[in-house]
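Student: give me a model of this one.
(one chain, ligands or ions: 1)
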Amino acid sequence: MDRIRIQGGTPLSGTIEVSGAKNATLPLMTASLLTPDRLTLTNVPQLEDIRTLARVLVELGVTVEAGLSDLPIFKNGQRPRPRTHRLALTAADIVSTTAPYDLVRKMRASVLVLGPLVARFGEARVSLPGGCAIGPRPVDLHLKGLKALGARIELRDGYVEASAPQGLAGAVIRLPIVSVGATENLLMAATLAHGTTVIENAAREPEVGDLARCLVAMGAEIEGIDTDRLLVRGVKRLHGATYDVVPDRIETGTYAMAAGITGGAIELVGARLGLLAQPAQLMNEAGVDLNETNEGVTARAKNGRLHAVDADTQPYPGFPTDLQAQFMALMATADGRAVVTENIFENRFMHVPELARMGADISVRGSSAIVTGVDRLIGAPVMATDLRASVSLVLAGLAAEGTTTISRVYHLDRGYDRLVEKLAACGAAIERVGDDPR
Ligand code: EPZ
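Tutor: Coordinates of the predicted model:
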């Protein structure tokens, strides 16, 4: 297994092309199941998770063609953008409605095939995804919502067996907690249900809005997009569409923090500042200046030391849990004491002991981590444990004195498109090395 080796201390400077959002692309791919026509997605990131979900869809009988999009038309005064990757998905000849355990366990987002399959074919058999490093990750809200839409749900041999031979029927569903995945599964299912569905306390993450806008482009009737109340009028059929995936706000925030932690400046081409919401405000308070430009967003470390700022993860537009580990790394050398509280997942502090190996002073009290800024971090061998914890170790390594070697970097490949290349292009002394002894 590969490792990443970083020689820290270089202020980053340069340009990074921000990719399409992983957490938008995954549900958008499952939306292809709702129609026999072709759904073409552009600005698709090149990630392991995308490839794994493509394998699940191919197993069901979806034709998946990958390629390059046409050269984008760029606004006057903008520099030419590289061609993005494109996926064309056609679910004309579905051969199975079963998503098998060996694929679902690798790609939890496979559970998002459940709603579309039941809605269009009246049946689905999807392996329960099981937990992951950051928590048990139940799907009870997905199942309760599908039941409310009239599906019969049974759990057998670790699989969810859902059926609705007469089709789904619209209903009012109030989600007790904000759930991105449950909102997405139920939104997709509701588009083909008989009658009207209202999803209350719906997730407002930009990736949910992206899915809703794509469904509308496919002929769905949805009101309240980007709000916590989605109203869906079921239609008989959806048709194909071409849809451009929203830029990845978590990737944007991650690289903005890379600029901050190294005292550098990075231009994030293709990024949209408005998608960042609270993290942009906290980074500005901490001493990382974020500004919208014609090309995207610039992130620049103000002079002097970063300031400690508290962060409390919440559903959008609150501070995203997917930036929590990165922000903790940013706070590790800030001036003062920052309290970082994780409210979404049960076990998302696995980066703490690894950051401590690099000299960070962090004490965990329940769901809060108290980060007392130290003058400097020291490079060390560390281990990646989950996607976002891995990248927080990269950030720490970029700022640390000496060499940091990160093992088990396959976690990174799941969610960051060409991370080493993008950082090296900004001056980071970072390389990927093979045969990880651990
Ligand atoms: C999505 O996961 C993202 N994944 C996660 O990103 C992200 O951290 C999360 O939303 C929160 O923003 C994708 O979009 C593919 P949830 P999801 O349902 O949908 C509990 C990354 O790093 N819950 O919003 O699984 C759940 O346990 C990944 O890119 C239930 O109790 O998250 C959690 O505590 C990690 N029952 C909370 O709700 C359910 O049926 C929020 O989970 C569903 C969720």
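
Student: can you pull the pLDDT of the residue nearest to residue 372 when sequence neighbours are not counted?
Tutor: Closest residue to residue 372 apart from its sequence neighbours, by CB to CB, 6 or more residues apart in numbering: residue 361 at 4.3 Å. Bear in mind the C-beta positions are built from the backbone N, C-alpha and C, glycine included. At residue 361, the model reports a pLDDT of 98.

Student: which residues sit in contact with residue 361?
Tutor: Residue 361 is in contact with 332, 371-374, counting by CB atoms under 8 Å, 6 or more residues apart in numbering.

Student: what about the nearest residue to residue 223 once chain neighbours are set aside, how many neighbours?
Tutor: Excluding its sequence neighbours, the residue lying closest to residue 223 (CB to CB, 6+ apart) is residue 231, at 4.4 Å. Residue crowding around residue 231 was assessed by other CB atoms under 10 Å; the count is 18.

Student: how much space is there between residue 231 and the ligand?
Tutor: Counting by CB to the nearest ligand atom, to the nearest Å, the gap from residue 231 to the ligand is 21 Å.

Student: tell me which element that residue falls in.
Tutor: Using DSSP states H and E, residue 231 maps to strand 229-233.

Student: dump that strand to PDB, restricted to CA.
Tutor: Output of strand 229-233 as PDB, limited to C-alpha atoms (Å, rounded to 0.1, in the frame of the first residue of the first chain):
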ATOM      1  CA  ARG A 229     -38.900  21.500   3.200                       C
ATOM      2  CA  LEU A 230     -39.000  19.700  -0.100                       C
ATOM      3  CA  LEU A 231     -42.300  19.300  -1.900                       C
ATOM      4  CA  VAL A 232     -42.300  16.700  -4.800                       C
ATOM      5  CA  ARG A 233     -45.200  16.100  -7.200                       C
END
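
Student: is it true that residue 292 touches residue 273?
Tutor: Yes - counting by CB atoms under 8 Å, residue 273 is a contact partner of residue 292 at 4.4 Å.

Student: partners of residue 89 in the sheet?
Tutor: Counting by DSSP bridges, residue 89 is bridged to residue 39, residue 64.

Student: residue contacts, it?
Tutor: Residue 89 neighbours (CB under 8 Å, 6+ apart): 29, 32, 38-41, 57, 62-65.

Student: repeat that for 7 Å
Tutor: Applying CB atoms under 7 Å, 6 or more residues apart in numbering, one finds that residue 89 lies in contact with 29, 32, 39, 57, 62, 64.

Student: do residue 14 as well
Tutor: 266, 425-427.

Student: go on, residue 101?
Tutor: Each residue near residue 101 by CB under 7 Å, 6+ apart is listed here: 127, 158.

Student: give me the pLDDT value at it.
Tutor: Reported pLDDT for residue 101: 89.

Student: and if you look at residue 346?
Tutor: 89.

Student: tally up the residues packed near the closest residue to it other than its chain neighbours, please.
Tutor: Once flanking residues are discounted, residue 346 sits nearest to residue 135: 4.1 Å by CB to CB, 6+ apart. Residue 135 has 13 neighbours, counted by other CB under 10 Å.

Student: could you give me the average pLDDT of the host helix or strand of residue 162?
Tutor: Residue 162 is part of strand 159-163 when elements are defined by DSSP H and E. Here strand 159-163 scores 96 as its mean pLDDT.

Student: before we move on, what about stretch 167-180?
Tutor: Per-residue pLDDT over stretch 167-180 has a mean of 98.

Student: how about the residues of the stretch 301-438 of the chain by the ligand?
Tutor: Within the stretch 301-438 of the chain, the positions adjacent to the ligand are 321-322, 344-345, 387-388, 415 by CB under 6 Å from any ligand atom.

Student: about what we covered before: measure the residue nearest to residue 372 to the ligand for me?
Tutor: Relative to the ligand, and taking CB to the nearest ligand atom, residue 361 is found at 26 Å.

Student: numbering from 3 from now on, please.
Tutor: In the new numbering, first residue 3, that becomes residue 363.
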